[in-house]
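>>> Quick check, what structure comes out for this input:
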Amino acid sequence: MKQIARSLMLLLALIFPLLAHALGEPYTQEKMDALNKAEKPVLVTIHANWCGTCRAQERVLEKLLSKAEFREITILRVDFDQQKPVVHKLGAKYQSTLIVFKGGEMAGRMTGETDSDRIARLLYSAL
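Model (predicted):
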């Protein structure tokens with residue numbers, strides 16, 4: 001039974017990245033600096049592929065960001081597991097953290113939120 005469980009876990013670990021859909025572009029400090037310099041609104045998502053809350057946030061964000069009022073927001077994605085220095089620099093303690101920037105300054109943040117209305121209010125604070 002343990003062997004079956006291990007095999008299943010290995011299979012899921014191999015398949016899951018193929019099923020994951022990335023919202024936004026990978027975060028780099030250069031991209032962030034350029035967007036801040038241009039005073040563009042930015043949403044930074046602290047995401048982990050294994051995080052159910054992150055996937056729920058992504059579904060909400062896909063719907064919201066397709067609306068005309070949010071189209072100017074650039075999304076930068078931070079990999080919670082692979083970009084620890086960035087996670088720490090942004091002061092995020094958990095995956096599923098959303099941070100918005102307006103005019104180069106942080107305008108708001110939330111962690112673990114999946115309510116569409118609350119996330120929309122966060123996005124508006126970047127505009």
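>>> from here on, contacts and neighbour counts on C-alpha atoms
OK.
>>> In what element of secondary structure is the residue positioned nearest the centre of the chain found?
The residue lying closest to the centre of the chain (C-alpha atoms, centre = their mean) is T45, at 2.1 Å. Here T45 sits within strand 42-47, counting by DSSP states H and E.
>>> ok now that strand, how far from the chain's centre?
4 Å (C-alpha atoms, centre = their mean, to the nearest Å).
>>> Direction included, what does it pair against?
Applying DSSP bridges, strand 42-47 is found paired with strand 74-79 (parallel), strand 97-102 (antiparallel).
>>> Mind listing residues that contact the last one?
Under the criterion C-alpha atoms under 8 Å, 6 or more residues apart in numbering, residues 36, 39-47, 106-112, 122-123, 125-127 lie in contact with strand 97-102.
>>> which stretches of this protein aren't confidently modelled?
Residue ranges of the chain with pLDDT under 70: 1-22.
>>> ok so, going back, who touches the strand holding T45?
27, 35, 54, 73-80, 87, 92, 94-102, 123, 126.
>>> tally of neighbours for L98?
23 (other C-alpha atoms under 10 Å).
>>> K67 too?
K67 has 10 neighbours, counted by other C-alpha under 10 Å.
>>> do the same with the one 5 residues further on
For E72, the number of neighbouring residues by other C-alpha under 10 Å comes to 14.
>>> is it fair to say V86 lies in a strand?
No: secondary structure assignment (DSSP: H, G, I helix; E, B strand; the rest coil) places V86 in helix, not in a strand.
>>> moving C-terminal of the strand holding T45, what's the next helix or strand?
Immediately after strand 42-47, counting by DSSP H and E, sits helix 52-65.
>>> Okay, buried residues for that next one please.
T53, C54, R55, Q57, E58, V60, L61, L64, L65 (16 or more other C-alpha atoms under 10 Å).
>>> Ok, stretch 103-118 next?
For stretch 103-118, burial by neighbour count (16+ other C-alpha under 10 Å) applies to G103, G104, M106, A107, G108, R109, M110, T111, E113, T114.
>>> coming back round to it: deepest in the core, which of the strands paired with strand 42-47 is it.
Among the strands paired with strand 42-47, strand 97-102 has the highest mean neighbour count (mean count of other C-alpha atoms under 10 Å), at a mean of 24.
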